[in-house]
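Chemist: Sequence first, predicted coordinates after that:
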Amino acid sequence: MDQIDLSLRLEHVFDIRINFDRRWSTEPIHRDGPRFAYTSVGAGSTVSGPRLQGKLVDHSGADWPMIRTDGVVELNAHYMIEADDGALIYIRNLGYVHGMLERPGHDPVPPYFRCTPYFRAPDGPHEWLNRTVIIGKGVRRPAAEGSAEPDHSLFRYYAVR
């Protein structure tokens, strides 16, 4: 039988820092249902790395996470990247966050913040995003009271090769 290489490797392609402009959440819409939250992309959000550089377009989108009753947050973010060459790239970022909050009566869960972005990039130097599986790891950085640092999240993205 032929040897088939099914190994994978990860290549760091870029990082995104998302500054949040506004944040709000709801109570459950129906009994025992999930809560919803909203965060909008604020000014000064950046994209940097070996394969993509630029910024997030101010107020171009938001994250609409669903906070499930089991404490898992399902990410659902949409926004626009403006690459340094002026190209506009749409990103939809889906993922899971959990283990950030203690849940009474449950064992602690290690923190987990992973995502899978999907892109719509124009033909040209960024079209590789339209056909590459990319995964990411994130971390939340809430604004500390009295700090000049805004509420933000950091993401590191890897192409799966």
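Modeler: Good, I have the coordinates.
Chemist: could you pull out the helices for this structure?
Modeler: Counting by DSSP state H, the chain has no helices to list.
Chemist: What is the burial count for residue 12?
Modeler: 12 (other C-beta atoms under 10 Å). The C-beta positions use only the backbone N, C-alpha and C, and glycine is treated the same way.
Chemist: ok, it to residue 137 distance?
Modeler: 11 Å (C-beta to C-beta, to the nearest Å).
Chemist: Which neighbours do these two have in common?
Modeler: residue 156 (C-beta atoms under 8 Å, 6 or more residues apart in numbering).
Chemist: mind saving the C-alpha coords of the lowest-mean-pLDDT helix or strand in the chain as CSV?
Modeler: Sorting the helices and strands of the chain by mean pLDDT, DSSP states H and E puts strand 35-41 at the bottom, at a mean of 79. Extracted as CSV, the C-alpha positions of strand 35-41 are listed here (Å, rounded to 0.1, in the frame of the first residue of the first chain):
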residue,chain,number,x,y,z
ARG,A,35,-27.8,34.7,27.0
PHE,A,36,-26.5,36.8,24.1
ALA,A,37,-23.8,39.5,24.1
TYR,A,38,-22.6,42.1,21.7
THR,A,39,-19.2,43.8,21.2
SER,A,40,-18.4,46.2,18.4
VAL,A,41,-15.0,46.7,16.7
